[in-house]
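Undergrad: The sequence and its predicted three-dimensional model are supplied below.
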Amino acid sequence: MKKDKTQPCFEKFKTSIGGQALIEGIMMRGPEKDAIAVRTADGIKLELIDRKVRPAKSIVKWPLIRGTVNFFDSQVAGVKAIMHSADLSPEEGDSLAEPSKFDLWLEKKLGNEKFQKVVTGTAVFMGLGLSILLFFLLPMLVSSFLDQWIPNTLVLNLVEGLVRMTIFLGYMLLVSRMKEMKRVFAYHGAEHKTIRCYEAGLPLTVENVRTQTRLHPRCGTSFLLVVMVISILVFSVASTGILALIPALKAMSGSFLYRLIMIAFKLLLLPLVVSITYEINRWAGRHDNSFTRILTAPGMWMQKFTTNEPDDSMIEVGIAAVEAVIPAQEGADRW
């Protein structure tokens, strides 16, 4: 991990454009379309994807609903982009294994388009499932067996939250040390630097982007960290509330059935946790004051592990991706 010695320029506005690091590339999501830029042996390959426009009064625009919808939408788009970048990347493309007989049979039965949807859906399901298992279910299981020593529900949920944070931070630290991820995290840094330069109102040149900080307050990694914190508050309040409403449940405390019910109850609350976090990030992203800087500080700190300083070739990819999604109408991408 390289130290961030650069200084950000004063931002003139906050953009809703955001991105994701890929294999030898970057995906940028604008208000109207997405762009995938990948560094290949022949230069930068850029592909545009038109965004599906939803009705203005659609339910997906409602607070506490839009957060979950946008989260799943970004997960699906991210998985598709990563899979596509793997096909375009020269190192990955040369070493791709031959498809298995099952893959060939499934593609023949479903057709290429449906087959790709199945593959993407499976990847999203497995990714989310692993995240829920590792960062939520495992801490819940650990804390559930401590209820005989910690009878206080609030304290027990705090312990569960500390276990969750420890696992999450440990996981991110280990991933940041993996050789294969160092270049991906460098592209992550290029993504942030390019957006910083754009928000500062500077021309998108390699020289201008290079001077920007690789840390950004509206990062998806920061979002995950806030999810961990919000889950502690939501689980604590909800657990206390359900035990007060259902005295018979409290009488079961310590039993296997009680632990199973409480774990299932908390898992059902995850969409609410994601939605609340989305609204907090949305509000914090539109304001710049002492409180919001304190709120985003932990996520900014964690980006020191999830971003690396990019080289100029990576910055060029970031510039190509951002320029491709800037809307024709000036200001249409304001946060």
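TA: In hand now; what should we look at?
Undergrad: For the host helix or strand of Gly78, buried residues please.
TA: Using DSSP states H and E, Gly78 falls within helix 66-88. Going by neighbour count (16 or more other CB atoms under 10 Å), the buried part of helix 66-88 is 66-69, 71, 73, 75, 77-82, 84-86, 88. All C-beta spots, glycine's among them, are computed from the backbone N, C-alpha and C.
Undergrad: In PDB, list the C-alpha atoms belonging to it.
TA: Taking C-alpha atoms only, helix 66-88 is exported to PDB below (Å, rounded to 0.1, in the frame of the first residue of the first chain):
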ATOM      1  CA  ARG A  66     -34.600   2.800  -3.700                       C
ATOM      2  CA  GLY A  67     -31.600   2.000  -1.600                       C
ATOM      3  CA  THR A  68     -32.100  -1.800  -1.900                       C
ATOM      4  CA  VAL A  69     -33.100  -1.600  -5.600                       C
ATOM      5  CA  ASN A  70     -30.000   0.500  -6.400                       C
ATOM      6  CA  PHE A  71     -27.800  -1.800  -4.400                       C
ATOM      7  CA  PHE A  72     -28.900  -4.900  -6.300                       C
ATOM      8  CA  ASP A  73     -28.900  -3.100  -9.600                       C
ATOM      9  CA  SER A  74     -25.200  -2.100  -9.000                       C
ATOM     10  CA  GLN A  75     -24.300  -5.600  -8.000                       C
ATOM     11  CA  VAL A  76     -25.700  -7.000 -11.200                       C
ATOM     12  CA  ALA A  77     -24.100  -4.300 -13.400                       C
ATOM     13  CA  GLY A  78     -20.800  -4.800 -11.500                       C
ATOM     14  CA  VAL A  79     -20.700  -8.600 -12.100                       C
ATOM     15  CA  LYS A  80     -21.600  -8.200 -15.800                       C
ATOM     16  CA  ALA A  81     -18.800  -5.600 -16.200                       C
ATOM     17  CA  ILE A  82     -16.200  -7.800 -14.400                       C
ATOM     18  CA  MET A  83     -17.100 -10.800 -16.500                       C
ATOM     19  CA  HIS A  84     -16.900  -8.700 -19.700                       C
ATOM     20  CA  SER A  85     -13.600  -7.200 -18.700                       C
ATOM     21  CA  ALA A  86     -12.200 -10.700 -18.100                       C
ATOM     22  CA  ASP A  87     -13.000 -11.500 -21.700                       C
ATOM     23  CA  LEU A  88     -11.400  -8.400 -23.000                       C
END
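Undergrad: Give me the helices and strands touching that helix, please.
TA: The contact analysis (3 or more CB pairs under 8 Å, 6 or more residues apart in numbering; DSSP states H and E) places helix 66-88 against strand 18-22, strand 25-29, strand 33-40, helix 90-94, helix 112-132, helix 270-285.
Undergrad: Appreciated, that's everything.
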